[in-house]
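1. return a 3D structure for these sequence lines:
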Amino acid sequence: APQPAQGVCKMKTCVLFVTLLLPLASAFLPAPQGLFAAKKFPALRAAASPRGGALQLKATLSALFFDCDGVLADTERDGHRIAFNMAFKEFGLKVGDGDMEWGEELYGKLCEIGGGKERMMGYWDQVGWPGGNWELAVELHQRKTQLFQELIETGKIPLRPGVDALITEALENNVRVAVCSTSNEKAVQKIVDMLGPEKAKQIKIFAGDCVPRKKPSPDIYNLAREDYQVRPEDVVVIEDSGIGLKAAKEAGMSCLVTLSTYTKNDDFTDADHIVDDLVSGDVDLATLDGLAVSTQWEDWGVDRDVMNSGVGRGRW
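-> Sure thing, here's the model as predicted:
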């Protein structure tokens with residue numbers, strides 16, 4: 001049997017070995033499922049240890065990009081859908097023997113098509129409606145946007161839980177905020193204005209036809225990144241749909257999903273974190289800072305590695 005001093009020495013060697021490996025392993029482990037997926041993690045913003053030591057990962061959050069519909073507010077079912085139907089009625093559109101109208105279940109399926117005008121064109125193709133064309137879609141969408149804005153002004157569509165608090169925290173900590181949506185810019189502006197004038201003026205909106213290809217194309221997120229001059233690995237996107245998640249991932253960004261009425265059954269396999277809403281999911285800026293994929297090797301003291309070994313990509 002080894003002498004007590006030898007045993008202590010071996011134990012110290014094992015502890016040192018583990019503390020060196022944990023920070024490295026955490027960066028490459030897959031995202032946890034179930035209960036572990038709900039944990040959140042602090043950001044790493046410290047300077048290098050003057051004593052030297054183990055390598056440590058550092059994550060930095062520069063910007064938050066929000067989708068609008070279903071993320072800032074649950075607008076699809078009781079906002080956009082109602083406005084589309086009101087526009088169809090005003091224009092006297094018919095399908096077969098009845099009025100053209102999008103029910104809740106049908107609209108949920110149509111939400112898989114990004115963009116209102118594109119959504120109408122897709123529907124008309126599906127039902128074989130002969131009167132559909134792009135010019136009519138544009139005209140209808142303009143009127144639909146006006147009707148949607150009127151619905152927002154009535155106050156019947158509130159912001160989702162935690163949205164105002166998270167955006168406030170981000171802006172106070174110099175994290176830039178943008179809203180990236182396939183919806184009409186005026187409609188998005190109405191939602192953003194619900195945050196109040198001081199916050200609204202600090203948020204850039206990238207919406208509507210500002211890019212030729214809409215989600216699931218990453219174009220709108222790439223445009224926002226280029227405009228803000230930030231790296232994709234320093235950005236976290238908050239989405240609620242499968243097509244939005246795909247757009248964020250193809251732009252090289254981390255993505256948190258807040259489930260919404262119509263998209264809760266979408267495929268979110270690639271999401272970095274999934275919550276019902278920001279409040280019940282206990283999401284704050286530290287949570288999102290931990291999700292950022294930005295990493296850089298930094299020389300840190302061994303004594304800090306155990307405390308921070310679970311940060312890395314922020315998933316454990």
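
2. tell me the contacts of Leu64?
-> 166-167, 170, 175-178, 235-238, 288 (CB atoms under 8 Å, 6 or more residues apart in numbering). Any C-beta I mention is one placed from the backbone N, CA and C, and that applies to glycine too.

3. spatially central residue for this protein, please.
-> Nearest to the mean C-alpha position of the chain, counting by CA atoms, centre = their mean, stands Ile238 at 1.3 Å.

4. do I have it right that that residue meets Met253?
-> No. In this structure, Ile238 is not within contact of Met253 by CB atoms under 8 Å, at 10.5 Å.

5. tell me, what's touching those two both at once?
-> With CB under 8 Å, 6+ apart, Ile238 and Met253 have common neighbours Phe65.

6. coming back round to it: could you dump the contacts of Leu64 into JSON lines with distance to Arg160 and secondary structure added?
-> Listed next are the contacts of Leu64 as JSON lines, based on distance: CB to CB, whole Å; DSSP: H, G, I helix; E, B strand; the rest coil:
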{"residue": "Leu166", "distance to Arg160": "10", "secondary structure": "helix"}
{"residue": "Ile167", "distance to Arg160": "11", "secondary structure": "helix"}
{"residue": "Ala170", "distance to Arg160": "15", "secondary structure": "helix"}
{"residue": "Val175", "distance to Arg160": "19", "secondary structure": "coil"}
{"residue": "Arg176", "distance to Arg160": "21", "secondary structure": "strand"}
{"residue": "Val177", "distance to Arg160": "15", "secondary structure": "strand"}
{"residue": "Ala178", "distance to Arg160": "17", "secondary structure": "strand"}
{"residue": "Val235", "distance to Arg160": "20", "secondary structure": "strand"}
{"residue": "Val236", "distance to Arg160": "17", "secondary structure": "strand"}
{"residue": "Val237", "distance to Arg160": "16", "secondary structure": "strand"}
{"residue": "Ile238", "distance to Arg160": "10", "secondary structure": "strand"}
{"residue": "Leu288", "distance to Arg160": "16", "secondary structure": "helix"}
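
7. and which of those residues is nearest Gly208?
-> The closest of those to Gly208 turns out to be Ala178 (CB to CB; 14.2 Å).
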